[in-house]
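[1] Dropping a prediction and its sequence here:
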Amino acid sequence: MTTNEPIVFDQVQIGRGLLPLAQHGYVVVEQGVLRLLGSNRQLIDHAPLAAITVAPVRFTRGQAVALTINGTKYNVSPGWGAHVGSLILPGDTRQVKTAAAYLVRLVEAARRQGAPSPGW
């Protein structure tokens, strides 16, 4: 990351397996640390970006990302919470796919650098 500004993904669906943890949660990346926050902004989990593994979730057409943080696997869908209870037309999820792809690139770039973040 080249900026000190936090990167915030909002309206994130966060789950662990089939257990939903947040319908309108947040993923915040700041100073090399990724934080998963619930709908009420309570901390779910956090770790340095370089310590997180990331992969697109199969069969979601790029709309969900699997993050392994401190040994726990989470499924996150950035932006998908905004679509809850509404009719989604085919091809109308471009924003979700873009946010998910950006999150994958962000974590992968930090892992390639391999630098631990300050304070960890």
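    On my side now, so go ahead.
[2] Quick check: buried residues in the helix or strand of the chain with the lowest mean pLDDT?
    Using mean pLDDT, DSSP states H and E, helix 94-113 stands out as the lowest-scoring helix or strand of the chain, at a mean of 86. Buried residues in helix 94-113, counted by 16 or more other CB atoms under 10 Å: 96, 97, 99, 100, 103, 104, 106, 107, 110, 111. Any C-beta I mention is one placed from the backbone N, CA and C, and that applies to glycine too.
[3] my guess is the last one contacts residue 52, does it?
    Spelled out, it's residue 111. Yes - between residue 111 and residue 52 there is a contact under CB atoms under 8 Å: 7.5 Å.
[4] tell me which strands and helices the lengthiest strand in the chain is in contact with?
    In the chain, taking DSSP state E as the definition, the longest strand is strand 19-30. Applying 3 or more CB pairs under 8 Å, 6 or more residues apart in numbering; DSSP states H and E, one finds that strand 19-30 contacts strand 7-16, strand 33-37, strand 43-48, strand 72-77.
[5] Those: which one's closest to residue 63?
    Among those, strand 72-77 comes nearest to residue 63, with 5.6 Å by CB to CB.
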